[in-house]
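next comes the sequence, and after it the predicted model I'd like to discuss.
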Amino acid sequence: MTNPFRLIRQFFTNALQIEMEYRAEFFVSALNSMLAFGSGFLVLYAIFHNVPTLGGWAFEEGLILFGVFLIIEGYIAMILKPNLSRISEYIRLGTMDFILLKPINSQFFVSFRFVNIWAFPSLITGCGLVIYGMWALDVLSVLSVARFILMLIPALIIVYAIWCMLNTTAFWWTKVENINLMFRAFFEAGRFPVTAYPGWLKLVLTVVVPVAFMTTVPAQAAFSDLSLPMTLAGWIIALAALAISHLFWRFALANYASASS
Amino acid sequence: MTEAPPPIRHSGLRKFRALLAFYSTEFSNYRAEFVIYLIGGTQPLIMLFIWVTLNNSGALEGDYSSGYFICYFLLIYAVRNCNAMWFTWALDQEIREGDLSFKLLRPVHPYWNYLAYQLADNVIRVPLMMIFLVAGMIATGAYTELSVSHLPLALMGLFGGMAIHFYSNFLMGTLSFWMERTLGIEMMYYTLMLLLGGAIIPIEFFPDTVETIIRCTPFPYILGFPVDVAMGNLSGPEMLRGFAVQLAWIIGIGLLGRHLWIRGTKSYAGAGA
C-alpha cells in the first residue's frame, strides 16, 4: 500500500481545489458556527443562571465541555460527513466497484478522500473555548493541554468508528441519510456532563453509546487530573471501536453484490 | 340515448388530495425510517432527564415539580415530531438539477406539492408519536400538568408553528435560485430552532432580557409556545401577544418566500431542461 500520509496530502490538495469553487460556503459556514456558538453559549449561560452547578460542574468547566462539543461537531462537518455520507451514493451509482479496485485500503479511501475546509470556524471556536476555559480556571499549562489532547484523540476515534459503522449499513439499506440523525440524537447529550444524568442513563451514555468518552472525559482531562483507569478505558474503547468498525466494513464487503454487474 | 361525458373537473382540492395520497403511499415505503426518526427525535427526552435531575437536586429556584418538566419535554417531543419533515433539500436539488422545470409544467403549483409532502409525512408519523406521548403521560402521571381548557388554543399554536416551519423551509429552498448549497442555512435554522425554540431549556428559564429578545424571533413559536399554552403557563395577554407574533411571522416568512419564488422562477433557466 502507498504511504497513507502522502495519500492524505494528495486528497487534501485535491479537495481544496474542489472546495475553492464554493467560496461563498465559507460565509455560510462562519455564520453557522457563530450562531451555533452563540446559541449554545446562551443555553449554557441560562442554565447556570438558574443553578450554580450542573452535575457537579461549574460554568467555566461547562464552557470547556462545550468547546469539546464544538470541536467534534467541526470534525464531523469537516471530515466525516463529506466522506462517509457518500458511501450510500457510491453503492447506488456503482462507483463503489472502482473504489474496491484501487490498490489502497477501501475503508481508508471512503473515510478520508474529501475535506470540507469551510467547517474550520467551528474547530477554531471550539479550541478557543477550551483554552479560554482552562485559562479562566487557571489550569492552563503545557501539561494540561497534553492531557487534553491525550483524551481528545480517542474521542475522535470513537466518533469516527460510530459514523463509519452507521454509514456502512448502506450496503444493506442503501438509503441511510437519516441514520446520521440517530447519532445526532445521542451526541446532543454530550453538550452536558454525563454526571448531570440519572444513573441508568449515565451508564447507557458511558457504555452503550460512549458519549461520555466523546465530550465529558476530554473536557475533564483539560481541567483535572486524569485517573489511569479512565485514560486506559478511553483508549481501549477507542481502539476496540475502530477494530469493530473495520471488521464490520470487511463483513459488509464480503456480502456486497455490486450494483453495476 | 347518448349521454355527454361528464366534464372533467380538476378542482384544486382534488389535485391536492391526489398529491397527499401519492406522498402517503411513498412514505409508507420507508417505515424503517420512521422508527429512526422517532429515536432521532428523542433528544428532548434526554433534556427531560437533565431537568428532572436538576430539579431533584434542589438547586433550581422556584417551585417546580418533576411532573412539570416531564410534561413539558414530552410535549416538546410531540411538537418536534409534527415539525420533523424537511423539504429544503428537495427544493434545493430540484432547482439545481433542473427537475423543477417539469414540476412547473404541471397544472398544479409546486407549492401544493411541498405542502402535501409535509402533511403526508405527518399522517404516518403523528399516530406513531401519539402512542409514545400518551403512554409517557399516563405512565408518569404528567398529564395532570396539562391545562385541558387550553388544549384547543394549544392546537392552534401547534398549527401556527407548523406553518412557520413550512414557510421557512420553502423560503430556504427558494434561496437555491441564487446560492449553491443551501444546506448550511438549513443547519443554522435547525440549531436555532432547537436551542432558542425551547427544546433544550424552557424559554422562561432564560434571563429576562434574553427571554424578551427570543420571544421576538420565530423560533419559540414553532416548539415552545404551543407547549406553554397547553400547560397553561402563559397569562391571557401573554398568549394574545404570542399568537400575534406567531401570525406576523407566518405572514412575513410566507410573503418573503412567495416573493423570492416569483423572482426566482422568472429568471430560472432550469439546468437540466
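Ah, there it is. Numbering: from 1, shown residues only, chains lettered A, B, ... in the order given.

the residue of the stretch 51-200 of chain A found nearest chain B sits in which helix or strand?
Nearest residue of the stretch 51-200 of chain A to chain B (Cβ to the nearest Cβ) works out as residue A:181 at 3.7 Å. Every C-beta, even on glycine, is put in place using the N, C-alpha and C of the backbone. Using DSSP states H and E, residue A:181 sits within helix A:179-187.

please pull out the lowest mean pLDDT helix or strand from chain B.
The least trusted helix or strand in chain B, going by mean pLDDT, DSSP states H and E, turns out to be helix B:31-40, with a mean of 65.

so after that one, what's the next helix or strand?
Per DSSP H and E, the first helix or strand lying C-terminal to helix B:31-40 is helix B:43-56.

so what's residue A:256 up against?
By Cβ atoms under 8 Å, 6 or more residues apart in numbering or on different chains, the residues touching residue A:256 are A:91, A:96, A:171.

7 Å instead?
Contacts for residue A:256 were tallied using Cβ atoms under 7 Å, 6 or more residues apart in numbering or on different chains; they are residue A:171.

does it sit in a helix, a strand or a coil?
coil (DSSP: H, G, I helix; E, B strand; the rest coil).

phi, psi for it please.
phi -90, psi 120 (degrees, to the nearest 10).

can you give me the distance of it to residue A:97?
Separation of residue A:256 from residue A:97 (Cβ to Cβ, to the nearest Å): 9 Å.

so how far is residue B:119 from the residue of the stretch 51-200 of chain A closest to chain B?
21 Å.

please apply the same query to residue A:254.
To residue B:119, residue A:254 is 43 Å away according to Cβ to Cβ.

next: residue A:123.
39 Å.

same check on residue B:56?
Taken as Cβ to Cβ, the span from residue B:56 to residue B:119 is 40 Å.

C-alpha coordinates for stretch A:30-48, PDB please?
Extracted C-alpha coordinates of stretch A:30-48, given in PDB (Å, rounded to 0.1, in the frame of the first residue of the first chain):
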ATOM      1  CA  ALA A  30     -18.700  31.000   9.500                       C
ATOM      2  CA  LEU A  31     -22.200  32.400  10.300                       C
ATOM      3  CA  ASN A  32     -23.300  28.900  11.100                       C
ATOM      4  CA  SER A  33     -20.600  28.300  13.600                       C
ATOM      5  CA  MET A  34     -21.100  31.800  15.100                       C
ATOM      6  CA  LEU A  35     -24.800  31.000  15.600                       C
ATOM      7  CA  ALA A  36     -24.000  27.500  17.000                       C
ATOM      8  CA  PHE A  37     -21.600  29.100  19.400                       C
ATOM      9  CA  GLY A  38     -23.900  32.000  20.300                       C
ATOM     10  CA  SER A  39     -27.000  29.900  20.900                       C
ATOM     11  CA  GLY A  40     -25.100  27.100  22.700                       C
ATOM     12  CA  PHE A  41     -23.400  29.600  24.900                       C
ATOM     13  CA  LEU A  42     -26.700  31.300  25.700                       C
ATOM     14  CA  VAL A  43     -28.200  28.000  26.700                       C
ATOM     15  CA  LEU A  44     -25.300  27.200  29.000                       C
ATOM     16  CA  TYR A  45     -25.400  30.700  30.400                       C
ATOM     17  CA  ALA A  46     -29.100  30.400  31.000                       C
ATOM     18  CA  ILE A  47     -28.800  27.100  32.800                       C
ATOM     19  CA  PHE A  48     -26.100  28.400  35.100                       C
END
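
which outside residues touch it?
The contact list for stretch A:30-48 (Cβ under 7 Å, 6+ apart) reads A:54, A:59, A:62-63, A:66, A:70, A:121-122, A:125, B:184, B:187-188, B:191-192, B:195-196, B:200-201, B:205-207, B:210.

which of those residues are buried, as a ChimeraX select command?
Of the contacts of stretch A:30-48, the buried ones can be selected in ChimeraX as follows, counting by 16 or more other Cβ atoms under 10 Å in any protein chain shown:
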select /A:54,59,62,63,66,70,121,122,125 /B:184,187,188,191,192,195,196,200,201,205,206,210
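
looking at the contacts of stretch A:30-48, which are in helices?
A:59, A:62-63, A:66, A:70, A:121-122, A:125, B:184, B:187-188, B:191-192, B:195-196, B:210 (DSSP state H).

which of the residues you listed sit farthest apart?
Greatest spacing in those, by Cβ to Cβ: A:59 and B:184 (29.9 Å).

which of residue B:56 and residue B:119 has more residues huddled nearby?
residue B:119 (17 against 12; other Cβ atoms under 10 Å in any protein chain shown).
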